[in-house]
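> Structure for the following, please:
(one chain, ligands or ions: 1)
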Amino acid sequence: MSQNIAAEPLPLASRQVQGLKGRIRVPGDKSMSHRALMFGAVAIGETTIRGLLEAEDVINTAKAMSALGAAAKRGADGVWRVQGVGVAGLRSPAVPLDFGNSGTGVRLAMGLMATTPLTARCVGDASLSKRPMGRVTVPLSEFGARFETAEGGRLPLTLHGAKHAVPVTYRLPVASAQVKSAVLLAGLNTPGQTTVIEPTPTRDHTERMLKGFGARISVEQKDDGRHISIEGQHELQAQAIDVPGDPSSAAFPMVAALITEGSDIVIENIMLNPTRTGLIDTLIEMGGDITIENRRLAGGEEVGDLHVRASKLRGITVPAARAPSMIDEYPVLSVAAAFADGTTRMEGLEELRVKESDRLAAVEAGLKANGVTTRSGRDWLEVDGGGAQGSKLGGGTVVTHMDHRIAMSFLVMGLASAKETRVDDSRFIATSFPDFTGLMNGMGARIS
Ligand code: S3P
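Have a look, this model is predicted:
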């Protein structure tokens, strides 16, 4: 169990309400927060980070960077400061690096460490220890790194970084920003040019932010996908980074407002990078009344305020090509689908099987427990909508499998269901959205 997650499960229940109201801000983007800490750690000088997501997953990354020699600390002013040590400056940590629940934390950090001659033990919680790591150890071994892993190539593992790293050209076998990022980060301390070929575009925060840090990185669209190349062994320069609100966290109040009658809310300062906005597009296509106000640029990313009003939704087919731009949002989209008229079909979901839980199975079980009819296959899910206001829905207890997004999704479901919904364990919400319950209840939700 990660250091700050309580030892005992923490059940929560959520009850039907009407008219969520308010202007809220959700915490900083998780993907950008991990990256700001890690890139700051290998830059020259002091990187400052405003709006860092102060949640378990990201705090574990900050601790890992400190253990590798790049002190990352929060100031009394709420600004985080990272003392960068340069692309070749990380050193062997004296303690195991505990990444808790975070796949992004451990996979990106493995990339960062893989081409520096250090030894690091990487551990995580029971959920993370079940997730596949071969997807990063395989390409990182090509650079010359070595790994001693638990069975099936999983955590806990010991990484031995390459002494004389060789550059790699790697074509991604899965649509994963984590794998792409791990390879690019390994390229930072490798002589010559490292290239990742990405057939299906995934979130591009690594490319954008590395460019901001002064990395020699280029992106070229070719017939077989995006070719992202990095020239290694050039130093990065410390940056001042402002992290906007996380669209994957905004997804929960957004769906809550759409499905509870009479709601009208504004979620301010949300990052709107086009590789992350698949859920907004999908909900609008379903008839959701979502408008983006005050569009602006902040820290190299487009941001805006989301104005969301209760809406009558209709079922649609969500194409597989959209999956990478909303991969973390399918659990809460499935909840929205339960309140739509007609059936929603979601395709291209194979990666959902290897998240913090098997999210396809966990979502389907949770919906079934709350009276929703579903059908599924290896990589698809169909949800039959119950129509207006879920008159027959709710009454079930959802098994969350140490998965924050399963817990938050079903707490959102209860807000519009006739009978209360319960989750068996809400502790893991702390990994990404520590004040979820307070923020939701502040708008009129009844989660307790
Ligand atoms: C992330 C990438 C996605 C996503 C995760 C964050 C990132 O994982 O699910 O929550 O910050 O790069 P995959 O790259 O495995 O799809």
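> before we move on, what SS does Ile292 have?
Under the three-state scheme (DSSP: H, G, I helix; E, B strand; the rest coil), Ile292 adopts strand.
> Kindly provide the distance from it to Met254.
11 Å (CB to CB, to the nearest Å). The way it works is simple: take the backbone N, C-alpha and C, and place the C-beta from them, glycine included.
> hey, what's in contact with both of those two?
Common neighbours of Ile292 and Met254 (criterion: CB atoms under 8 Å, 6 or more residues apart in numbering): 280, 306.
> quick one, which of these two is more surrounded?
Met254 (25 against 16; other CB atoms under 10 Å).
> which residue sits closest to that one in space, ignoring its chain neighbours?
Leaving aside its chain neighbours, Met254 sits nearest to Val308 (5.2 Å; criterion: CB to CB, 6 or more residues apart in numbering).
> count of residues packed around Gly315?
20.
> likewise Leu297?
Neighbours around Leu297, by other CB under 10 Å: 8.
> quick one: contacts for it?
Leu297 neighbours (CB under 8 Å, 6+ apart): Val303.
> Quick check: it is in a strand.
Yes. Under three-state DSSP, Leu297 sits within a strand.
> This structure: helices as residue ranges?
For the chain, the helices defined by DSSP state H cover 30-41, 56-67, 103-113, 134-142, 177-188, 205-212, 247-259, 278-285, 330-338, 359-369, 404-414, 436-442.
> can you put these in a markdown table and add distance to the ligand and mean pLDDT?
Conversion of those to a markdown table gives the following (distance: least, CB to the nearest ligand atom, whole Å; pLDDT from 0 to 100):
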| stretch | distance to the ligand | mean pLDDT |
| --- | --- | --- |
| helix 30-41 | 3 | 98 |
| helix 56-67 | 9 | 98 |
| helix 103-113 | 4 | 98 |
| helix 134-142 | 8 | 98 |
| helix 177-188 | 4 | 99 |
| helix 205-212 | 7 | 97 |
| helix 247-259 | 7 | 98 |
| helix 278-285 | 12 | 98 |
| helix 330-338 | 10 | 98 |
| helix 359-369 | 10 | 98 |
| helix 404-414 | 9 | 98 |
| helix 436-442 | 16 | 98 |
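> where does the protein come near the ligand, residue by residue?
Residues of the chain lying close to the ligand (CB under 6 Å from any ligand atom) are 31, 104, 176-178, 181, 203, 327-328, 351.
> For those residues, give me a markdown table that also has distance to Trp380 and neighbour count.
What follows is those, written out as a markdown table (distance: CB to CB, whole Å; neighbours: other CB atoms under 10 Å):
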| residue | distance to Trp380 | neighbour count |
| --- | --- | --- |
| Ser31 | 26 | 28 |
| Thr104 | 25 | 21 |
| Ser176 | 19 | 22 |
| Ala177 | 22 | 23 |
| Gln178 | 23 | 23 |
| Ser181 | 27 | 30 |
| Arg203 | 22 | 23 |
| Ile327 | 14 | 23 |
| Asp328 | 18 | 24 |
| Glu351 | 13 | 18 |
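> could the residues you listed go into CSV alongside distance to Ser426?
Below are those laid out as CSV (distance: CB to CB, whole Å):
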residue, distance to Ser426
Ser31, 23
Thr104, 21
Ser176, 28
Ala177, 27
Gln178, 25
Ser181, 29
Arg203, 26
Ile327, 22
Asp328, 18
Glu351, 24
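> ok, the residue nearest to Met254 to Ile259 distance?
Distance from Val308 to Ile259, by CB to CB: 11 Å.
> show me what contacts the residue lying closest to Arg353 once chain neighbours are set aside?
Leaving aside its chain neighbours, Arg353 sits nearest to Leu360 (5.8 Å; criterion: CB to CB, 6+ apart). Leu360 makes contact with 330, 349, 352-353, 376, 379, 381, according to CB under 8 Å, 6+ apart.
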